[in-house]
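Engineer: Here is the input, now give the coordinates:
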Amino acid sequence: MKKLLSLTLLLIILCSGCSIKSADEYYNSTEPKGKLNATISINCSTAVNYKNSKVKTADILKPRSISFNKGDTVFDLLKRACKENKIQFEYEGEGNSVYISGIDYLYEFDCGDLSGWEYSVNGKFPNVGCNSYKLNDGDIVKWLYTCDLGADIGNKYKGEDK
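Structural biologist: Residues are numbered from 1 along each chain as shown. Sure, this is the predicted structure:
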């Protein structure tokens with residue numbers, strides 16, 4: 001009886017801080033809107049054109065404005081955009097070393113050994129992870145799928161920085 005009471009109390013304590021939401025509740029809930037805005041798009045036209053690809057649509061997310069707060073990163077913007085638009089995405093890592101492994105069920109290596117997701121800000125491909133690049137008001141962020149280590153999306157690989 002004492003064990004049952006202890007177990008019940010433990011469950012109550014653990015669950016008291018939990019909020020269980022349905023998928024619709026999760027995706028429809030909004031975070032506080034920031035006063036800054038950036039435009040974000042997600043495109044995988046290279047995968048559509050890749051041999052034997054099952055990808056049929058290039059625009060996963062057409063350009064749209066998303067609010068963000070000062071100090072937010074490209075990763076924060078992607079999370080918010082995917083949540084608001086019910087787009088699946090997966091990532092690995094934490095802190096300053098976050099790597100986007102898949103968006104809308106399109107993953108790294110799905111279109112060859114040199115394929116995966118890259119991002120650009122205002123037409124340039126930053127040499128830092130998406131969780132390290134802090135946004136500025138008016139930035140234009142593009143998530144692009146590459147099948148050729150960036151060469152097919154305008155990001156020529158230049159090797160390691162010296």
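Engineer: And the average pLDDT for stretch 89-100 is what?
Structural biologist: Here stretch 89-100 scores 93 as its mean pLDDT.
Engineer: what's the answer for stretch 130-139, then?
Structural biologist: For stretch 130-139, the mean per-residue pLDDT is 97.
Engineer: Of all the residues in that stretch, which ones are buried?
Structural biologist: Going by neighbour count (16 or more other C-beta atoms under 10 Å), the buried part of stretch 130-139 is 130-131, 133, 135, 139. The C-beta positions use only the backbone N, C-alpha and C, and glycine is treated the same way.
Engineer: cool, stretch 140-159 as well?
Structural biologist: 141-150, 152-153, 155.
Engineer: for stretch 40-52, same thing?
Structural biologist: Residues 40-44, 46-48, 50 are the ones in stretch 40-52 that count as buried (16+ other C-beta under 10 Å).
Engineer: what sits up against that stretch?
Structural biologist: Stretch 40-52 is contacted by residues 53, 55-64, 66, 77-78, 81, 87, 103-104, 106, 110-112, 115, 141-148, 152-153 when judged by C-beta atoms under 8 Å, 6 or more residues apart in numbering.
Engineer: Which parts of the protein are helices?
Structural biologist: In the chain, helices defined by DSSP state H lie at 2-16, 23-28, 45-48, 74-84, listed in chain order.
Engineer: that older thread, which of the contacts of stretch 40-52 fall within strands?
Structural biologist: 59-64, 66, 103, 106, 141-146 (DSSP state E).
Engineer: Nearest to residue 96 among the residues you listed?
Structural biologist: The closest of the ones in strands among the contacts of stretch 40-52 to residue 96 turns out to be residue 141 (C-beta to C-beta; 17.7 Å).
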